[in-house]
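I'd like to go over a predicted model; first the sequence, then the structure.
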Amino acid sequence: MTADLRPAELADELASAIPPGTHLDAVGGAEDVTVVGVGARPDGVLVRFRWMSYPHVLGFVLPTDGAYGRVDTAAQWAVDARILLLEELGTGLVALGRRERHDDVIELSHPSWPHDRRFHVSGLGPGRARRHFADAARDGFDVTTPRSRRRQGSLLSWQRAFANTTAGPMLGHATASRVDDVTGRLDQCQVVAGAPATVALALCALAVHTASWHGLRRVVTDLDDPVLELLGFTSRGGTRVVETTFLAMGAWGGAGPSGLSPRDPGLLASRDGHR
């Protein structure tokens with residue numbers, strides 16, 4: 001709880017602590033967050049910020065209640081608020097958060113995408129990805145596309161999914177590359193037979209979000225998979241496209257446009273071909 005402190009007072013204190021232009025480290029000391037501004041809202045304190053090279057301004061409303069226990073001063077609240085902001089951003093808010101546009105800001109709120117604890121997904125850049133292609137190929141995965149994109153210099157990220165079991169076998173991978181200064185491509189998503197649809201969903205989601213963090217405004221793909229509808233892809237002239245505002249993403253708590261629900265463990269994905 002917070003002693004009787006008004007949002008305007010809290011906003012002023014936080015704005016003094018992290019004025020516009022402040023760089024913050026949310027993931028691995030990368031200074032990936034740049035503060036744009038801080039302002040009071042009836043429901044809390046809005047922090048506007050840039051994330052890596054993402055082309056849109058993002059926002060997150062910090063509650064006026066103390067995040068980690070009672071605070072009695074605006075200065076104490078500001079310390080906790082900064083920690084909470086970095087904790088939220090460092091644990092996936094940008095990729096998983098619900099999104100709404102307010103004026104020129106895309107505001108994030110707590111994730112509504114259910115977390116499937118049967119597997120985990122992580123992404124590698126071109127340099128680190130190169131060292132793991134051979135392992136994936138030995139496991140039967142087709143790494144021709146990420147290898148080719150890396151040689152061409154267009155590879156943005158290579159995502160892999162692993163089962164949360166002893167030895168954690170690889171369940172799938174996805175490839176994202178750059179087409180031009182504003183467009184990325186989801187080149188490939190391949191998963192093992194019998195994997196739940198959430199694997200393909202998580203791989204594709206991380207791939208397109210990572211592409212957007214390189215400054216791209218849209219991602220295109222020739223893949224055909226129901227999970228793409230949940231990610232907001234629409235057909236344009238035979239190619240599927242998603243704008244990286246990601247405002248068209250589906251509601252993870254229920255079925256998407258095609259009836260696919262990421263909560264359903266019975267939905268199977270195919271390993272053969274690109275998905």
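Arrived safely.

for the stretch 101-250 of the chain, just list every one of the strands.
105-109, 119-124, 155-163, 170-178, 183-191, 218-221, 234-236, 239-243 (DSSP state E, counting those that start in this stretch).

mean pLDDT lowest where, among these?
Between the strands of the stretch 101-250 of the chain, the one with the least mean pLDDT is strand 234-236; it has a mean of 90.

look up the closest residue to the most centrally placed residue in the chain, ignoring the ones flanking it.
Among the residues of the chain, residue 95 comes closest to the average C-alpha position under C-alpha atoms, centre = their mean, at 1.8 Å. With C-beta to C-beta, 6 or more residues apart in numbering as the measure, residue 209 is the residue that lies nearest to residue 95, at 4.4 Å, once sequence neighbours are left out. Every residue, glycine included, has its C-beta placed from N, CA and C.

enumerate every residue touching the closest residue to residue 26 other than its chain neighbours.
Leaving aside its sequence neighbours, residue 26 sits nearest to residue 89 (C-beta to C-beta, 6+ apart; 3.9 Å). Shown in contact with residue 89 (C-beta atoms under 8 Å, 6 or more residues apart in numbering): 26, 27, 32, 33, 51, 60.

and residue 89, what helix or strand is that in?
helix 74-90 (DSSP states H and E).

going along the chain from that helix, find the next helix or strand for me.
By DSSP H and E, the next helix or strand past helix 74-90 is helix 93-96.

quick one: distance of that next one to the chain centre.
4 Å (C-alpha atoms, centre = their mean, to the nearest Å).

also stretch 173-183?
15 Å.

buried ones in that stretch?
173, 174, 175, 176, 177, 178 (16 or more other C-beta atoms under 10 Å).

hmm, who's touching that stretch?
136, 141, 143, 145-146, 149, 152, 154-161, 184-190, 203-204, 206-208, 210-211, 214-220.

got any ranges where the protein has weak pLDDT?
Scanning the chain with the threshold set as pLDDT under 70 gives 1-3, 28-29, 112-114, 250-275.

please name the residues that touch residue 105.
46, 48, 57, 58, 59.

surely the third one touches residue 49?
Yes - between residue 57 and residue 49 there is a contact at 7.3 Å, judged by C-beta atoms under 8 Å.

where does the residue nearest to residue 75 when sequence neighbours are not counted land in three-state SS?
Nearest residue to residue 75, sequence neighbours excluded (C-beta to C-beta, 6+ apart): residue 13, at 5.9 Å. Following DSSP: H, G, I helix; E, B strand; the rest coil, the label given to residue 13 is helix.

what residues are up against residue 13?
74, 75, 77, 78.

possible to save those as a markdown table with distance to residue 169?
Formatted as a markdown table, the contacts of residue 13 follow (distance: C-beta to C-beta, whole Å):
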| residue | distance to residue 169 |
| --- | --- |
| 74 | 51 |
| 75 | 50 |
| 77 | 46 |
| 78 | 45 |
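
rewinding a little: return the entry from the contacts of residue 89 with the maximum number of neighbours.
Within the contacts of residue 89, neighbour counts (other C-beta atoms under 10 Å) peak at residue 33, which reaches 24 neighbours.

many thanks, have a good one.
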